[in-house]
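Q: sequence first, then the predicted structure:
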Amino acid sequence: MDYITTDKIRVVLGLGKTGFSAVAFFANQGVPVVAMDTREAPPYAEKIKESFSDIQLVLGGLDEEILKNAAEIIVSPGLPLSTPEIQSAIKAGVRVVGDIQIFAEHAKAPIVAITGSNAKSTVTTLVGEMAKAAGKNTAVGGNLGTPALDLLSDDIDLYVMELSSFQLETTFGLSADVATVLNVSPDHLDRYDNYLAYHQAKHRIFQGCKTAVVNKDDTLSSPMEAQGLKLVKFGLDKPDLNEFGVIEDSDGIWLAKNNAGDIQKLVNSKTLKIKGAHNRSNALAALALGESVGLQMDAMLDGLKMFPGLEHRCQWVANKKGVEFFNDSKGTNVGATEAALNGLGPDLDGKIVLMLGGDGKGAEFEFLTESVRQHVKSIVAYGRDKNLVVDALGSLVETVTADTFEDAFSFAQSFASAGDAVLLSPACASFDMFKSFEHRGECFVELVNKL
């Protein structure tokens, strides 16, 4: 193989969406780049050939000589730094970074940086919506949606970035204006030596940041080194001085802030489209992040009230004659459906009409017994395992079966009265009737919109 040994070469490892964005970033600036992947046919190889015909592609393995002679290696998140060829390059003194580090070195607008084991996509999207409501030209992406380098532009007012632990491993100076680790729970332990290593990777988000937003309900969200950092805290209790929290009175549960000892009610949770304690926590995190970067509170609250949640994840769809419709098609197991019921139920004036069914994958629907008793008015069972649903839960509440999804929806909306909610949270896979859980959710939304 012909080796390119000039010290001006950048090597991009991993040719998925992120890798392609890095190749394009350098190629469009006239910087020599080699694109490399361990796979023989990575997803974006053909697109690189079509778009940048002069770029050298190395496929089916990593070329150690090219890596050791590179000026810089940009590693896609899916490729571990422990890969022997990468370790060899590091020992040779080659700078190894990820696309987020390159992004941080070129971004001219303030950065809101968000990570966590759970809820980071919701909070990232919500902060983006709040910023847009405040009139900011806002770019949202990173681990969510658009790759970071594709977002770079001189006319952006604010970057809101979701970052994974894999991306943070190769980030050395993010210098975000405000950063948060929403929560930490065991995840990706096949990639890390231990839980501490995963925790430490998450906390790289705080390097060089001006303000850290801390979740009081998760001790692992506090910066490991907080010296010199401004801390803004939130939690699901009464807020202490200058904190965000919740208070409860005869009108319900309020998101609130303690301003210099004066607790200010911000918004009643009943008026929000996103429901449940976990979403109150997400909303508080977003408000803390937004205020820390200078967004006006009134505009943020307007954005929060309009936010329906992420698609297919207990997503608010519409209110039809006083009945709320929620699409939780991503609820493909009983645990997810239990969380949806327990999150949505307490925030309703009425009860839930639950659309449940599909391919249960051997699930024990009895797991839902207590949540159904507390929060469900009726169940409409459909799909391959509808009779198993009836056997497990039919004695608890009114339960009917439907032969088609359209019939199931028709039953569900007819059972619901003003103050109730119709919830699609199937606790099952979708493949007995649909192409995917997304397809199932889209069909639900279409039926709601026809009402």
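A: Looks like it came in fine. Numbers count the residues shown, from 1 in each chain.
Q: Lys258: which element?
A: Just to correct that, residue 258 is Asn rather than Lys. strand 252-259 (DSSP states H and E).
Q: direction included, what does the helix or strand just after that strand pair up with?
A: Heading C-terminal from strand 252-259, the first helix or strand you meet, by DSSP H and E, is strand 262-268. Strand 262-268 has its sheet partners listed here by DSSP bridges as strand 252-259 (antiparallel).
Q: next, the buried residues of the strand holding Asn258.
A: Ile253, Trp254, Leu255, Ala256, Lys257, Asn258 (16 or more other CB atoms under 10 Å). From N, CA and C alone the C-beta is placed, and that goes for glycine too.
Q: strands of the stretch 301-450 of the chain, start to end?
A: For the stretch 301-450 of the chain, the strands defined by DSSP state E, counting those that start in this stretch cover 315-320, 323-327, 352-357, 376-382, 398-401, 421-424.
Q: export the second one to CSV, keeping only CA atoms.
A: Output of strand 323-327 as CSV, limited to C-alpha atoms (Å, rounded to 0.1, in the frame of the first residue of the first chain):
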residue,chain,number,x,y,z
VAL,A,323,-59.2,14.0,26.0
GLU,A,324,-55.4,14.1,25.8
PHE,A,325,-53.7,11.7,23.3
PHE,A,326,-50.2,10.4,24.0
ASN,A,327,-47.9,8.4,21.7
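Q: helix, strand, or coil at the spatially most central residue of the chain?
A: Centroid-nearest residue in the chain: Ser121, 1.7 Å away (criterion: CA atoms, centre = their mean). Secondary structure for Ser121, judged by DSSP: H, G, I helix; E, B strand; the rest coil, is helix.
Q: now it: closest residue in space, sequence neighbours ignored.
A: Nearest residue to Ser121 in three dimensions, chain neighbours excluded: Leu144, at 5.1 Å (CB to CB, 6 or more residues apart in numbering).
Q: pLDDT wise, what is that neighbour at?
A: Here, the pLDDT recorded for Leu144 equals 90.
Q: same check, this time on Tyr198
A: pLDDT, Tyr198: 87.
Q: next one: Asn449
A: Note for Asn449: predicted pLDDT of 97.
Q: helices or strands up against the lowest-mean-pLDDT helix or strand in the chain?
A: When the helices and strands of the chain are scored by mean pLDDT, DSSP states H and E, helix 195-202 comes last with a mean of 88. Here helix 195-202 touches helix 165-169, going by 3 or more CB pairs under 8 Å, 6 or more residues apart in numbering; DSSP states H and E.
Q: per-domain residue ranges of the chain.
A: Domain assignment for the chain by automatic domain parsing gives 10-97, 102-306, 315-450.
Q: now the last one, how far from the centre of its chain.
A: Going back to what we said before, that points to domain 315-450. 23 Å (CA atoms, centre = their mean, to the nearest Å).
Q: mind checking how far Ile379 is from Leu356?
A: 6 Å (CB to CB, to the nearest Å).
Q: neighbour-wise, which of these two wins?
A: Leu356 (32 against 29; other CB atoms under 10 Å).
Q: test my guess that the more buried one contacts Pro426.
A: Yes. Between Leu356 and Pro426 there is a contact under CB atoms under 8 Å: 5.8 Å.
Q: intersection of neighbour lists for those two?
A: Between them, Leu356 and Pro426 share these contacting residues under CB atoms under 8 Å, 6 or more residues apart in numbering: Thr337.
Q: distance of Phe26 from Asp218?
A: 38 Å.
Q: comparing those two, which residue is more hemmed in?
A: It is Phe26, of Phe26 and Asp218, that has more neighbours when counted by other CB under 10 Å, with 23 against 18.
Q: can you pull the contacts of that one?
A: Arg10, Val12, Pro32, Val33.
Q: export those as a markdown table, with columns for neighbour count.
A: Listed next are those as a markdown table, based on neighbours: other CB atoms under 10 Å:
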| residue | neighbour count |
| --- | --- |
| Arg10 | 21 |
| Val12 | 29 |
| Pro32 | 17 |
| Val33 | 27 |
